[in-house]
Every structure is written in C-alpha cells, then in structure tokens.
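A.B. asks: Sequence and predicted structure below; questions after.
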Amino acid sequence: MLLRGTVDFDDLATYRGFIDEIVSRRNARNAKRIDSERVVLQELPDRRTSDYEEVIVRVTSSGGFTLRKVFYTVPSRLIGHRLRVRLYDDRLEIIGT
C-alpha cells in the first residue's frame with residue numbers, strides 16, 4: 001500500500017486489479033527465471049485441492065458466532081446449533097451440521 005499511497009479502494013475489483021498489476025510487474029522482471037522453471041513443471045493434479053479452511057462453530061445465545069476475532073450474525077433459529085463454516089479468502093460459506 002506504500003506504493004499506492006493509500007489503503008482505500010473503491011471496491012474489491014479495484015483492489016484485485018491493483019494486486020494483479022504489482023504481481024505482473026514483478027513477474028516481468030523475473031521472466032527469464034520463471035521461464036526456466038516452467039520447463040520442469042509437472043502436470044496439475046486431476047482434481048482441485050480445497051481453497052478453503054473448514055471450521056466448526058457454535059451459534060451463541062446472541063445469534064452469532066466468532067471466527068478469527070470477527071463476530072458474524074445468523075438467523076436466531078440457529079441459536080445453539082453447530083455450523084460448519086468454509087472460510088475462503090474473500091467469503092464465508094455456512095453449512096449446517
């Protein structure tokens with residue numbers, strides 16, 4: 001963020017565009033080394049690996065749960081239930097257990 005001068009972005013797409021630009025510049029500087037490694041890369045696996053972390057949480061009497069020091073609310077009918085939460089880099093996916 002020091003390169004940009006501010007940490008404020010209009011939306012997620014603007015932030016991702018900024019990161020893509022920085023990574024592209026760095027990759028351009030290292031193009032020769034990247035090309036030499038690309039020659040020895042192996043095939044990707046047939047199946048994707050999971051790109052999320054799965055966590056079990058319990059909904060409190062206040063109708064929410066804390067995950068990584070952030071409090072999330074859910075419908076009150078879930079009070080006392082355990083939920084399976086898939087934590088992606090940009091979102092949560094909640095699955096009842």
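C.D. replies: Nice, I can see it.
A.B. asks: switch to C-alpha atoms for all contacts and neighbour counts from now on
C.D. replies: Noted.
A.B. asks: could you pull out the strands for the protein?
C.D. replies: 53-58, 64-67, 70-73, 82-87, 92-96 (DSSP state E).
A.B. asks: Strand partners (parallel or antiparallel) of the last one?
C.D. replies: Using DSSP bridges, the strands paired with strand 92-96 are strand 82-87 (antiparallel).
A.B. asks: relative orientation of the strand it pairs with and strand 53-58 in degrees?
C.D. replies: If you take axes from the mean of the first three to the mean of the last three CA atoms, to 10 degrees, strand 82-87 sits at 150 degrees to strand 53-58.
A.B. asks: Need the mean per-residue confidence for strand 82-87.
C.D. replies: Strand 82-87 carries an average pLDDT of 95.
A.B. asks: Return the distance of the residue lying closest to residue 88 once chain neighbours are set aside relative to residue 67.
C.D. replies: Spatial nearest neighbour of residue 88, excluding adjacent residues (CA to CA, 6 or more residues apart in numbering): residue 52 at 4.6 Å. Distance from residue 52 to residue 67, counting by CA to CA, to the nearest Å: 14 Å.
A.B. asks: mind putting the strands of the chain in TSV, distance to residue 7 and mean neighbour count included?
C.D. replies: TSV is the format used below for those (distance: least, CA to CA, whole Å; neighbours: other CA atoms under 10 Å):
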stretch	distance to residue 7	mean neighbour count
strand 53-58	26	14
strand 64-67	24	16
strand 70-73	20	10
strand 82-87	24	17
strand 92-96	23	13
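A.B. asks: Distance to residue 26 for the ones you listed - can I get that in TSV?
C.D. replies: Rendered in TSV, the data for those read as follows (distance: least, CA to CA, whole Å):
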stretch	distance to residue 26
strand 53-58	29
strand 64-67	34
strand 70-73	33
strand 82-87	29
strand 92-96	31
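A.B. asks: Of all those, which one comes closest to residue 6?
C.D. replies: For these, the distance to residue 6 is smallest for strand 70-73, at 24.1 Å, taking CA to CA.
A.B. asks: for the protein, longest helix please?
C.D. replies: Using DSSP state H, we find that the single longest helix of the chain is helix 12-29.
A.B. asks: Just the CA atoms of that helix, as CSV, please.
C.D. replies: In CSV, the C-alpha atoms belonging to helix 12-29 read as follows (Å, rounded to 0.1, in the frame of the first residue of the first chain):
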residue,chain,number,x,y,z
LEU,A,12,-12.9,-5.4,-4.4
ALA,A,13,-12.3,-5.4,-8.2
THR,A,14,-10.2,-2.3,-7.9
TYR,A,15,-8.1,-3.9,-5.1
ARG,A,16,-7.6,-7.1,-7.1
GLY,A,17,-6.6,-5.1,-10.2
PHE,A,18,-4.0,-3.2,-8.2
ILE,A,19,-2.6,-6.5,-6.9
ASP,A,20,-2.6,-8.0,-10.4
GLU,A,21,-0.7,-5.0,-11.7
ILE,A,22,2.0,-5.3,-9.0
VAL,A,23,2.4,-9.0,-9.5
SER,A,24,2.6,-8.6,-13.3
ARG,A,25,5.4,-6.0,-12.9
ARG,A,26,7.4,-8.3,-10.6
ASN,A,27,6.9,-11.3,-12.9
ALA,A,28,8.1,-9.3,-15.9
ARG,A,29,11.3,-8.5,-14.1
